[in-house]
Every structure is written in structure tokens, then in C-alpha cells.
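K.L.:
here is my input, please return the structure:
(one chain, ligands or ions: 1)
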Amino acid sequence: MAEYDFDLIVIGAGPGGYVAAIRAAQLGLKTACVDSRETLGGTCLNVGCIPSKALLHASELYEEAHSGALAKWGVKTSGLELDLPAMHGARLEAIKGLTQGIAFLFKKNKVEWLKGHARFTAKDAIEVAGKSYKAKNFVIATGSVVTPLPGVEIDHERIVDSTSALELAKVPGSMVVIGGGVIGLELGSVWRRLGAKVIVVEYLDQILPGMDGEVRKECAKIFKKQGFDIRTSTKVVKAEKKGKAVTVTVEPAQGGAAETIEADVVLVSIGRRPNTDGLALEKAGIQPNKGGQIEVDHAFKTKVAGIYAIGDVTPGPMLAHKAEDEGIAVAEILAGQVGIVNHEVIPSVVYTMPEIAGVGLTEEEATEQGEIRVGKFPMLGNSRAKTNREGEGFVKIIADARSDRVLGVWMVASVAGTMIAEAALAMEFGATSEDIAYTCHAHPTHSEAVKEAAMAVTGKPIHI
Ligand SMILES: Cc1cc2nc3c(=O)[nH]c(=O)nc-3n(C[C@H](O)[C@H](O)[C@H](O)COP(=O)(O)OP(=O)(O)OC[C@H]3O[C@@H](n4cnc5c(N)ncnc54)[C@H](O)[C@@H]3O)c2cc1C
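P.N.:
Residues are numbered from 1 along each chain as shown. Below you'll find the model as predicted:
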């Protein structure tokens, strides 16, 4: 050990890195975690999952009161106004509480936080803030950053990325969201609820790439009803600031006549790219792939002995819970235990209203693999959802026609993000649709729709 400062140095303190560091320390490894931010928690806690959910929650409350939805429940309001600084305050308070929580957990578990930017100087050494550190093993968990769009220069005021879109000082009159994926629809929802007219421009012929086809169609309908102007098969060519407005030039994805859209604010949300900036990976002997990702095997090993990688910087969905599970698994592997992540069963959620969630194969993917049976149940048939006036959406279960094993579950429902956990657990245990159908679900809950969709796989739901 004398040769090394640490058993393990984790680079990056996002949900992948901080979780890996804590688990490794819990398992007895002398561990440090490097991060260049002022606070721990990475993208997720500082500028991602948590602040976006704080604004989604706050804007939902505002819209409920403002649109008269609360009044329909007998809750009358008067003198209602938006206090945007207070809303931002609530967001900052959430970030502060949670990032300080990670600092506390680091202290509690004796993880040393090395503040600064890490760069490799050899395959077993890094430099942080002018100091050198050697470790037996490294886990690279440097996450991802916003993908830029050529022709659209982000100024963080009128042409914003996901980070600056969380911090707008006033509600724009109009907003063009470039990219109809998860982040664009979530942040677009926030500003639409607060009063902006939101136009979503999507290159593909449908929003929400990667999700089940039926879900994508249903959600486009729901979002349009909410007031989103969704323009699919449309390409953004450039965005120029002119006076107080931004002029966005678009043209049909397949080519054709260009037109312009004027907006107060433009949000660029076309995706994220793996972040290995300034890490000097070449000094460690690691070459990222063409997409900039660090390739790993099933045990998160890179090609270089003693260097592992997890989370957004590696292939796979860019999700906090995927990064966290990989963090736990890699730490357990390094401590001599068995660490496994089942990449076939990683739920994905869009936190709009209603929420959208899925796990496993889409119907399109499952059909390609063989014969399937599909059970579907509308949320309108669910007593709790109907009572709460949350009848939009459905649950859909896709099962193998021969074995009945569940291959995928998709849902659009007010609390789909919570409901999907049951589906993931069932799939992890190799459940059949019959297993779910014969599991007693509490009444009245939205989750009963999962049971009914499972019953529908063999054609016998009760409430429809
Ligand atoms: C607006 C938004 C909303 C999101 N919402 C969700 C959601 O609801 N659910 C979900 O699952 N995912 C969500 N995500 C995605 C989620 O944030 C990421 O998947 C997750 O944070 C990835 O974790 P990670 O540990 O791989 O990396 P990150 O969280 O990106 O953390 C990496 C950290 O490493 C640091 N770092 C990088 N290089 C170095 C270096 N050389 N030296 C020192 N430090 C370095 C970075 O500063 C960063 O703090 C959202 C993302 C955004 C942008």
C-alpha cells in the first residue's frame, strides 16, 4: 500500500462516482473521489435530475392553481401570482440540501474529497490541483455534458442549454425547444406551465426517440392538447439573435423550403455527449470510441488494467440510476465481491404530466425478436386515476407469446415514474404476465392498472 495513496480513486462525484466511492469505503477500501465542482452530486444533483424536478413540481402546483384545476376540487384561490425568485429559491434549497448530504456521507464513510480537475499523468497516477496521487485502481465517472448544435451558439441568456434553462430570471413569452427528447419536454413543460408559448422542433418524425411507438404517439397528442406546438421532421439550421428576439431558421428534415420562427428564448436540448475533457486519457493509455465513450466490459473494466469506467461516460442510457447501480457494482467487484448490473432492465422516465415510463423492450423491438402478446389497460378504467382526474394514458405489458415472460412494460400515467418500479422488479425476477396478474395490488391505487394490463395479456381485465 505504501506505494499508493489510495486503494481507489473515483474521478467524478455524480451519482455514479459518489455512490461507487461510498460503497468502496463501506467495503473497507481506502477511497478518494475527485470533483471539480463546488458541490458534490455531479450533473444530477446540481444541474440535472433534482433542479429540473424541483421546477417541474413547483410549476405543476402553479398551473393547477392558475388553470382552475384546484377550484374544480373546491379549493378556491384569489390574488394568485407567480413568485419566480421564490421558485428558484426552492430549487436552490433542494440542491443545497442534497449536495451537502453527499458531503456528509463522504465524511461519515471516510471518503476523501479531492477538490479540483483530475488528469492522468500515468496509468496509476493523476494530478489534482497541482498535487499527484497514486492509486491501485481508478474508476472514471466523469459523466456527460451538453451536445452543442452547429449554427446555434449558446449565450445562456436567450439561447440556453439545459443548465441555463433552469435559471431563467423571467418567464419568456415564447420558447423554441430544439429536440423533442426527455430534457426538452421536461423543461419545455416547466416554462409552458408558467406561461410561455412553447414550440418543440424535432428532427425525427416523432418525439421521444427510443420509446415505445404507441407511447410516443399518445404523448404527442397529450402534449399538443396541453398547448405545445410540436413540429416533427423539422431541422434547425441556425438561430440568430435579432433585437430582443431570436430568429430560428428551420427546414423540413428531408430538405425543402426554409422558414423562420421568432422566440424570446431558444433551448438547445439535442442530447448529451460523454465528458472526458482535460482528463488526459492518452497518458493512461485509453482511447475513447468514435462517440467519445469509454468502452468497458461487463465488469466495467477498460482495456487498461486497474482502470474502470461507469455512468454517462460509458455506452448505454444516460440515466442517474444506471450510473448509481454501476457505481455499486464496480465497488463490489473491486472489493472482491460479485457486482452485477442487468442492463436489460433499466427503467426510463419522463417527468412530465402525465409521466411516461418504460422498462425492457418496446413493442417494435419485441416483435422483431419473436411472437408476443400485448395487454393494455387505460388509466380511465382505473378508479383512483379517474377519481383524481388523471385519466390520461395507459399501461401496456408486452409478453413472450410462448413463455408469457414479460419482455417490456410501458406506461403513461400521472405517477408512472413510481409505478414502473414494480415492472422492473417483476422483470428482474423473470416474472410472467400471469405472475403480475395474480399479485394482489392495493386498492385504490394507480398500480392496479399494471395488474389489469397483465390480465389483459390473456384477454381478461375486469374494469374495461
Ligand atoms: C436537465 C437534466 C435532467 C435530468 N434528469 C434526469 C432524471 O430525471 N433522471 C435520470 O435518471 N437522469 C436524469 N438526467 C441525467 C443524469 O443527470 C445523468 O445520467 C447522471 O448525472 C450521470 O451520472 P454520472 O455519475 O455518470 O455523471 P455526472 O452526474 O455528469 O457527474 C460527473 C461529475 O464529474 C465531474 N468531472 C468531470 N470530469 C472531471 C475531471 N477530469 N476531474 C474532476 N471532476 C470531473 C463533473 O464536474 C461532474 O460533477 C438529467 C440530466 C439533465 C441535464
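K.L.:
quick one: the closest residue to the ligand within the stretch 251-400 of the chain from residue 321, how far?
P.N.:
The stretch 251-400 of the chain approaches the ligand most closely through residue 311 (2.3 Å), counting by C-beta to the nearest ligand atom. Yep, even glycine has a C-beta here, placed from its N, CA and C like the rest. Residue 311 sits 10 Å away from residue 321, going by C-beta to C-beta, to the nearest Å.
K.L.:
now do residue 428
P.N.:
Separation of residue 428 from residue 321 (C-beta to C-beta): 13 Å.
K.L.:
when these two are compared, which one has more neighbours?
P.N.:
Set side by side, residue 428 and residue 321 show more neighbours around residue 321, with 17 against 12, by other C-beta atoms under 10 Å.
K.L.:
may I have the phi/psi pair for that one?
P.N.:
For residue 321, the backbone dihedrals (degrees, to the nearest 10) come out as phi -70, psi -30.
K.L.:
just the strands in the stretch 301-450 of the chain please.
P.N.:
307-309, 348-350, 355-360, 372-378, 394-400, 406-413 (DSSP state E, counting those that start in this stretch).
K.L.:
check contacts around the residue minimising distance to the centre of the chain.
P.N.:
Centroid-nearest residue in the chain, with C-alpha atoms, centre = their mean: residue 319, separated by 4.7 Å. Contacts for residue 319 (C-beta atoms under 8 Å, 6 or more residues apart in numbering) come out as 346, 348.
K.L.:
get me the contact residues on this protein for the ligand.
P.N.:
Listed as neighbours of the ligand in the chain under the rule C-beta under 6 Å from any ligand atom: 11-17, 34-37, 42-44, 48-49, 52, 117-118, 141-144, 162, 183, 275, 278-279, 311-312, 318-321, 323, 351.
K.L.:
return the subset of those lying in strands.
P.N.:
The members of the residues of the chain next to the ligand that map onto strands under DSSP state E are 11, 34, 35, 118, 144.
K.L.:
need those residues in a markdown table (columns: distance to residue 393, pLDDT and neighbour count).
P.N.:
Putting these into a markdown table (distance: C-beta to C-beta, whole Å; pLDDT from 0 to 100; neighbours: other C-beta atoms under 10 Å) gives the following:
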| residue | distance to residue 393 | pLDDT | neighbour count |
| --- | --- | --- | --- |
| 11 | 40 | 99 | 28 |
| 34 | 43 | 98 | 26 |
| 35 | 38 | 98 | 28 |
| 118 | 44 | 98 | 26 |
| 144 | 29 | 98 | 22 |
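K.L.:
quick check, nearest of those to residue 390?
P.N.:
residue 144 (32.8 Å; C-beta to C-beta).
K.L.:
my guess is the closest one contacts residue 276, does it?
P.N.:
No - in this structure, residue 144 is not within contact of residue 276 by C-beta atoms under 8 Å, at 10.0 Å.
K.L.:
which neighbours do the two have in common?
P.N.:
Joint contacts of residue 144 and residue 276 (C-beta under 8 Å, 6+ apart) are residue 313.
K.L.:
coming back round to it: residue 135 is nearest to which of the strands of the stretch 301-450 of the chain?
P.N.:
Residue 135 lies closest, by C-beta to C-beta, to one member of the strands of the stretch 301-450 of the chain: strand 307-309, at 9.9 Å.
K.L.:
so what secondary structure elements neighbour that closest one?
P.N.:
In terms of contacts (3 or more C-beta pairs under 8 Å, 6 or more residues apart in numbering; DSSP states H and E), strand 307-309 is packed against strand 131-140, helix 320-334.
K.L.:
list the contacts of that strand.
P.N.:
Outside of strand 307-309, the residues within contact range by C-beta under 8 Å, 6+ apart are 123, 137-141, 284, 286, 294, 296, 299-302, 330, 333-334.
K.L.:
hmm, 6 Å instead?
P.N.:
Strand 307-309 is contacted from outside by 138, 139, 140, 284, 294, 296, 300, 301, 302, 330, using C-beta atoms under 6 Å, 6 or more residues apart in numbering.
K.L.:
tell me how many other residues crowd residue 195.
P.N.:
Residue 195 - counted by other C-beta under 10 Å - has 15 other residues nearby.
K.L.:
which pLDDT value goes with it?
P.N.:
Residue-level confidence at residue 195 comes out at 98, pLDDT.
K.L.:
for it, give its distance to residue 84.
P.N.:
10 Å.
K.L.:
tell me, how many residues neighbour residue 94?
P.N.:
For residue 94, using other C-beta under 10 Å, the count is 18.
K.L.:
now the one 3 residues further on
P.N.:
Under the neighbour criterion other C-beta under 10 Å, residue 97 is assigned a count of 11.
K.L.:
buried ones in the host helix or strand of it, by neighbour count?
P.N.:
Using DSSP states H and E, residue 97 sits in helix 84-109. Buried residues in helix 84-109, defined by neighbour count with 16 or more other C-beta atoms under 10 Å: 87, 88, 91, 94, 95, 98, 99, 102, 103, 105, 106.
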